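Asker: Any chance you can model this:
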Amino acid sequence: MSVLLVDIGNSRIKWARLESGRLGLGRAASYLDWGTTDYRRRLFGRARGVELVLVSSVAGPKANRLLTAAARLAGARVKFVTVPRRGAGVTVGYAEPWRLGVDRFVAAVGAHALFPSVPVCVVGVGTALTIDLVGADGRHRGGVIIPGPTLMVETLLYGTHGIRRRARGGPAVVAGGSLFGRSTRAGVVQGARHAAAATIDQAVEQARPLVGRAPLVVLTGGGAPAVRGLLRSHWVLVPDLVLRGLAVVRASAAPKRRRT
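Answerer: Residues are numbered from 1 along each chain as shown. Have a look, this model is predicted:
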């Protein structure tokens, strides 16, 4: 069966085909102005044979409806992943598992599958910055949510008059990644990035006694490149982590073939 894996975030969508258990080339785009035709053309194109669309979505009902309609036009059925208490190698630590974002669950599944022998801090850097601690045994130990660096910057610029006015000019970044900017804009941008990095490093420190060692930071999300160079903790970047997690979810749910 040919499966299309789809990750719909707050503003961007990623997708890739899963053929014979192998993840194909991933693609990404902003979907906020898409209609059914756009989903049909971009995700399916002229390709034939997609029978199942497996989706991790935090986008809300409108995007989900449009994607479902496009899949039906392409002759495929759609399955939206939900968060179980236990699944695909991960045991969710929330008292009410459904309150954990499905993208966070699927990313945790992907990170645990990639690094099964070590604890991980799974960090998604997007509109929000999320951190989820997963032990080497697959136990989800809880998480952290703060605004992502871009949202921090936007909050300051749109929530204040003086900072917004003074941030209209000047450089936005500081050479060498220094915290201290020489313009208001640089001060806001660098402050947001360093705040994000400091939160991640603090999460690693607090995780150490819970899992017996410093966890590996597994970074994903569009904002990850702006933060990774500021981290003191050991990290790896996996841009398609949710798609990889979806592949694991699919493999864990697929019926096992009997040996003859």
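
Asker: Would you agree residue 83 falls within a helix?
Answerer: No: under DSSP: H, G, I helix; E, B strand; the rest coil, residue 83 falls outside any helix and is assigned coil.

Asker: any idea how far it is from residue 132?
Answerer: Residue 83 sits 12 Å away from residue 132, taking Cβ to Cβ, to the nearest Å as the criterion. C-beta coordinates here come from the backbone N, C-alpha and C atoms, glycine included.

Asker: show me where the stretch 51-200 of the chain has strands.
Answerer: Shown for the stretch 51-200 of the chain, the strands assigned by DSSP state E, counting those that start in this stretch span residues 77-80, 86-87, 90-91, 120-125, 128-134, 140-147.

Asker: mean confidence for the longest one?
Answerer: So the one you mean is strand 140-147. Model confidence over strand 140-147 averages 96 on the pLDDT scale.

Asker: Which strands or helices does it pack on?
Answerer: Secondary-structure packing of strand 140-147 (3 or more Cβ pairs under 8 Å, 6 or more residues apart in numbering; DSSP states H and E): strand 128-134, helix 184-211.

Asker: can you tell me how far residue 195 sits from residue 208?
Answerer: Noted for residue 195: a distance of 21 Å to residue 208, by Cβ to Cβ.

Asker: I misspoke; the intended subject was residue 63.
Answerer: Counting by Cβ to Cβ - residue 63 and residue 208 are separated by 39 Å.

Asker: Compare those two (neighbour count), which wins?
Answerer: residue 63 (19 against 12; other Cβ atoms under 10 Å).

Asker: What about residue 15? Give its phi and psi, please.
Answerer: Here is the backbone geometry of residue 15 (degrees, to the nearest 10): phi -150, psi 150.

Asker: give the contact list for the residue lying closest to it once chain neighbours are set aside.
Answerer: Computed as Cβ to Cβ, 6 or more residues apart in numbering, the closest residue to residue 15 that is not its neighbour in sequence is residue 6, at 4.7 Å. Contact analysis of residue 6 by Cβ atoms under 8 Å, 6 or more residues apart in numbering lists 13, 14, 15, 43, 53, 54, 55, 56, 57, 67, 246.

Asker: which parts of the helix or strand of the chain with the lowest mean pLDDT are buried?
Answerer: With mean pLDDT, DSSP states H and E as the measure, the helix or strand of the chain carrying the lowest mean pLDDT is helix 162-166 (a mean of 83). Neighbour-count burial for helix 162-166, counted by 16 or more other Cβ atoms under 10 Å, picks out residue 163.

Asker: So which residues make contact with it?
Answerer: The contact list for helix 162-166, computed with Cβ under 8 Å, 6+ apart, reads 156, 157, 158, 184, 188.

Asker: among these, which two are most distant?
Answerer: Spatial extent of those (Cβ to Cβ) is set by the pair 158 and 184 at 14.5 Å.

Asker: Look at those two and report which has more neighbours.
Answerer: For residue 158 and residue 184, the more surrounded residue by other Cβ under 10 Å is residue 184, and the numbers stand at 19 against 9.

Asker: And the residue lying closest to the more buried one once chain neighbours are set aside, how close does it get to residue 185?
Answerer: Spatial nearest neighbour of residue 184, excluding adjacent residues (Cβ to Cβ, 6+ apart): residue 166 at 4.0 Å. Distance, residue 166 to residue 185, using Cβ to Cβ: 8 Å.

Asker: re earlier: looking at the strands of the stretch 51-200 of the chain, which is closest to residue 233?
Answerer: Going through the strands of the stretch 51-200 of the chain one by one, with Cβ to Cβ as the measure, strand 120-125 comes closest at 7.7 Å.
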